[in-house]
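Asks: Fold the following.
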Amino acid sequence: MTDMKELLRSLPSLPGPYVPFDTAQAPAQPEPLFAQWLQAAIDAGIREPHAMTLSTVDGDGCPDARVLILKNVDEHGWHFAISRASPKGRQISDSPQVALTFYWPALGRQVRIRGTAHDMGEQTSSADFLARPLGSRAGALLGRQSDVLESQQELEDGLARQLRRLEQQPDVLPDSWVVYAVRPREIEFWQGNEQRRHVRLRYRRAPGAAWSKERLWP
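Replies: Take a look at the predicted model:
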């Protein structure tokens, strides 16, 4: 069996070359820069460039993380949709301070966002749910996320019931569905470098204040 330590050491990391990041040209606000980096990831053919890691904290103070899909970025923040009844939904209800992480390895780029998750309201949540694929809506209506699954048949039967329900009530909505927007207080743009001279630009904002920018050590 291959030694795990040696296997990991043999894997390349940050092979580059990467496009230089000129922080002097960065805009005054982080949203336009994020849009530029996301578009670059799309243009580079990166699969699921809108995938992000959502980090929360549970009732015991232990961190938790999972990958979700970004739904929108606007004046309210970075949007994602979940069930309130899920573990992450309950964690956000208890402590809305969250973090989002985007990583595009082909570009050697990472974006880290820290802020507060805000409920975007019933209208936004309903519109998001009805725009989801049929199978996704059936799973959400089933409402068993993270419960112990006794058998695959139990899952198949439950999904079949919800699909029949959707055929009869195509506009049915679960009470638990919610769209959150993360209002950031800190965003870091990280550009990797083959020689580990990483370029890090941090935006910070106090409540009611404008964004400030600062370069960080690698």
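
Asks: wait, isn't residue 19 in contact with residue 106?
Replies: No - Residue 19 lies out of contact with residue 106 (C-beta atoms under 8 Å); the separation is 11.1 Å. (Glycine included, C-beta is placed from N, CA and C.)

Asks: immediately after the top strand by length along the chain, which helix or strand?
Replies: Secondary structure assigned by DSSP state E gives strand 177-191 as the longest strand of the chain. Following strand 177-191 in sequence order, the next helix or strand is strand 199-204 (DSSP states H and E).

Asks: quick one: contacts of that following strand?
Replies: For strand 199-204, the surrounding residues in contact (C-beta atoms under 8 Å, 6 or more residues apart in numbering) are 20-21, 23, 26, 29-30, 184-191, 193, 211-218.

Asks: in the longest strand of the chain, what's buried?
Replies: The neighbour-count check on strand 177-191 (16 or more other C-beta atoms under 10 Å) flags 177-184, 187-191 as buried.

Asks: so which two of these are the farthest from each other?
Replies: Within the buried residues of strand 177-191, 177 and 191 form the most distant pair, 36.3 Å apart (C-beta to C-beta).

Asks: so where's the chain shaky on pLDDT?
Replies: 1 (pLDDT under 70).

Asks: Which parts of it are helices?
Replies: In the chain, the helices defined using DSSP state H lie at 4-10, 30-43, 87-94, 122-130, 134-142, 152-168.

Asks: list the helices and strands the third one packs on?
Replies: Taking 3 or more C-beta pairs under 8 Å, 6 or more residues apart in numbering; DSSP states H and E as the contact definition, the neighbouring helices and strands of helix 87-94 are strand 51-57, strand 63-69, strand 77-83.

Asks: List the buried residues for that helix?
Replies: Buried residues in helix 87-94 (16+ other C-beta under 10 Å): 88, 89, 90, 91, 92.

Asks: measure the residue positioned nearest the centre of the chain to residue 93 for me?
Replies: Residue closest to the average C-alpha location in the chain (C-alpha atoms, centre = their mean): residue 52, at 3.1 Å. Taking C-beta to C-beta, to the nearest Å as the measure, residue 52 falls 20 Å from residue 93.
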